[in-house]
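starting from these lines, generate the structure:
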Amino acid sequence: MKERLLKIRETATEMIESSSSLKELEDLRIKFLGKKGELTDILKGMGKLSKEERPEMGKVSNEVRNHIESILSKIKESLEQEALNKKLNSEVIDVTLPAEKVNVGNKHPLMKVFDELQDIFLGMGYKIAEGPEVETVYNAFDALNSPDDHPSRSTSDTFYFAPDICLRPHTSSVQIRTMQNQKPPIKIISPGRCFRFDELDATHSPMFHQLEGLVVDENVTMADLKGALDLFVKRFFGSNIRTKFRPHHFPFTEPSAEVDVTCFKCGGVGCKVCGGTGWIEILGCGMVHPDVLEECGIDSEKYSGFAFGMGVDRITMLKYEIEDIRYLFENDMRMIDQF
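Down below sits the predicted model:
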């Protein structure tokens, strides 16, 4: 048995000293010292030795185990240091090199226009009102005096989840929610995303942005509407810009109008931006229909109001002369960095 122990010591020493990796070293530890290792296997036969032999063999086996553990520890430390040195040499950091450039993003032009619009109307005394993007058909159409056969209610124009639930096609539903839950005077803007079943092209997108305004109080007139929008136009586009109101029809306002402004590119002379007319359409507006007020529990004999709404994407495209609405949603930093 003693010869076997000494032979294991010699073999283990030779193999451990020639190992080249921590994985190989661990395999050798298991081979010699593991539960089924060679040294453990020999020690299982200690019970067959005489009382005189056991002390000596026990001493020899402990010496062999200690020797193997010692050389394992020594070689492991050496291999770990070697691996560390190799890693340090391969991951050299030159602190004298210039740091990598950190690109600081710019605010998206759409968000810049949103912020500017909100600042203008907040400065005019409006408050911001928000609502859900998934709306009831009642808030999106019925309460806004839209007839059942109105084209905007068809499945080819509006996204429906159920017969009475849809993605809001405009933020006018926020005005309904506000009038139903707040007594006049009311003076709000409702910015947000809207959704319509449009094919994506240079001027249309199934997801777009609107900002609508609502004022309800005693003795509100069309003159108040024209004054408010004229002030907004001059603050947003410039003090030399004029407005023009053209009669139109919206089911939720009466009378209704579309608002044009003198082309801020050519000053009204005519250019490719305004199609040679000298005017650019920017929004729709009108006096809140009495039926809408009554539907929301507001006495139309006592109160009146006006509403307006604009496509923020269109306003952004006009302001920055962006020719394709898709540029606003492609996240191309080459485009965004220009602003």
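
buried residues in stretch 189-203?
Residues of stretch 189-203 classed as buried by neighbour count (16 or more other CB atoms under 10 Å): 189-192, 194-196. (Glycine included, C-beta is placed from N, CA and C.)

all helices of the stretch 201-339 of the chain, in order?
Residue ranges of the helices in the stretch 201-339 of the chain, as given by DSSP state H, counting those that start in this stretch, are 222-237, 290-295, 312-320, 333-336.

let's have the ones you listed in TSV, adding distance to Glu281 and mean pLDDT.
Formatted as TSV, the entries for the helices of the stretch 201-339 of the chain read as follows, by distance: least, CB to CB, whole Å; pLDDT from 0 to 100:
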stretch	distance to Glu281	mean pLDDT
helix 222-237	12	95
helix 290-295	24	96
helix 312-320	9	90
helix 333-336	25	84
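
out of the ones you listed, flag the one nearest Pro184.
Nearest of the helices of the stretch 201-339 of the chain to Pro184, taken as CB to CB: helix 290-295 at 9.2 Å.

quickly note the distance from the nearest residue to Met335 once chain neighbours are set aside to Leu110.
Nearest non-adjacent residue to Met335, counting by CB to CB, 6 or more residues apart in numbering: Tyr327, 5.2 Å away. Applying CB to CB, to the nearest Å, one obtains 10 Å for the distance of Tyr327 from Leu110.

which of those two has more neighbours?
Ranked by neighbour count (other CB atoms under 10 Å), Tyr327 and Leu110 place Leu110 first, with 22 against 17.

for the one helix or strand that one maps to, C-alpha coordinates in CSV please.
For Leu110, the host element (DSSP states H and E) is helix 109-123. This file holds the C-alpha atoms of helix 109-123, laid out as CSV (Å, rounded to 0.1, in the frame of the first residue of the first chain):
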residue,chain,number,x,y,z
PRO,A,109,-39.2,69.1,-34.3
LEU,A,110,-42.7,67.7,-33.6
MET,A,111,-42.1,68.1,-29.8
LYS,A,112,-40.6,71.5,-30.3
VAL,A,113,-43.7,72.7,-32.0
PHE,A,114,-45.9,71.0,-29.4
ASP,A,115,-44.0,72.9,-26.6
GLU,A,116,-44.2,76.2,-28.5
LEU,A,117,-47.9,75.8,-29.1
GLN,A,118,-48.6,75.0,-25.5
ASP,A,119,-46.5,77.9,-24.3
ILE,A,120,-48.5,80.3,-26.5
PHE,A,121,-51.9,79.1,-25.3
LEU,A,122,-50.8,78.8,-21.7
GLY,A,123,-49.7,82.4,-21.9
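
mean confidence for that helix?
For helix 109-123, the mean per-residue pLDDT is 95.

by contact count, what packs against that helix?
With contacts defined as 3 or more CB pairs under 8 Å, 6 or more residues apart in numbering; DSSP states H and E, the secondary structure elements packing on helix 109-123 are strand 186-195, strand 207-217, helix 222-237, helix 312-320.

any buried residues in that helix, and which?
Under the neighbour-count criterion of 16+ other CB under 10 Å, helix 109-123 has 109-110, 113-114, 117, 120-121 buried.

just the residues contacting the helix or strand following it, thanks.
The first helix or strand that comes after helix 109-123 along the chain, using DSSP H and E, is strand 127-128. Residues outside strand 127-128 that contact it (CB atoms under 8 Å, 6 or more residues apart in numbering) are 118, 122, 187-191.

okay if I get the residues you listed as a markdown table plus distance to Glu254?
Compiled in a markdown table, those are given as follows (distance: CB to CB, whole Å):
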| residue | distance to Glu254 |
| --- | --- |
| Gln118 | 28 |
| Leu122 | 28 |
| Lys187 | 20 |
| Ile188 | 20 |
| Ile189 | 21 |
| Ser190 | 20 |
| Pro191 | 25 |
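
closest one to Ser172 out of those residues, please.
Sorting the contacts of strand 127-128 by how near they are to Ser172, with CB to CB, puts Ser190 at the top with 7.8 Å.

so what's the closest residue to the closest one other than its chain neighbours up against?
Across the structure, with CB to CB, 6+ apart as the measure, the residue nearest Ser190 apart from its sequence neighbours is Val174 (3.7 Å). When contacts are counted by CB under 8 Å, 6+ apart, Val174 touches 129-131, 188, 190, 192, 212.

gap between Val174 and Arg193?
In this structure, Val174 and Arg193 are separated by 12 Å, where distance is defined by CB to CB.

ok, Ile282 next?
As defined by CB to CB, Ile282 lies at a distance of 19 Å from Arg193.

need the contact partners of stretch 264-275.
Under the criterion CB under 8 Å, 6+ apart, external residues in contact with stretch 264-275 comprise 237-238, 240-242, 262-263, 276-280, 318, 321.

can you rerun that using 10 Å?
For stretch 264-275, the external contacting residues (CB atoms under 10 Å, 6 or more residues apart in numbering) are 233, 236-238, 240-242, 260-263, 276-281, 318-319, 321, 323.

picking that back up, name the element the residue nearest to Ser190 belongs to?
Counting by DSSP H and E, the element that carries Val174 is helix 172-181.
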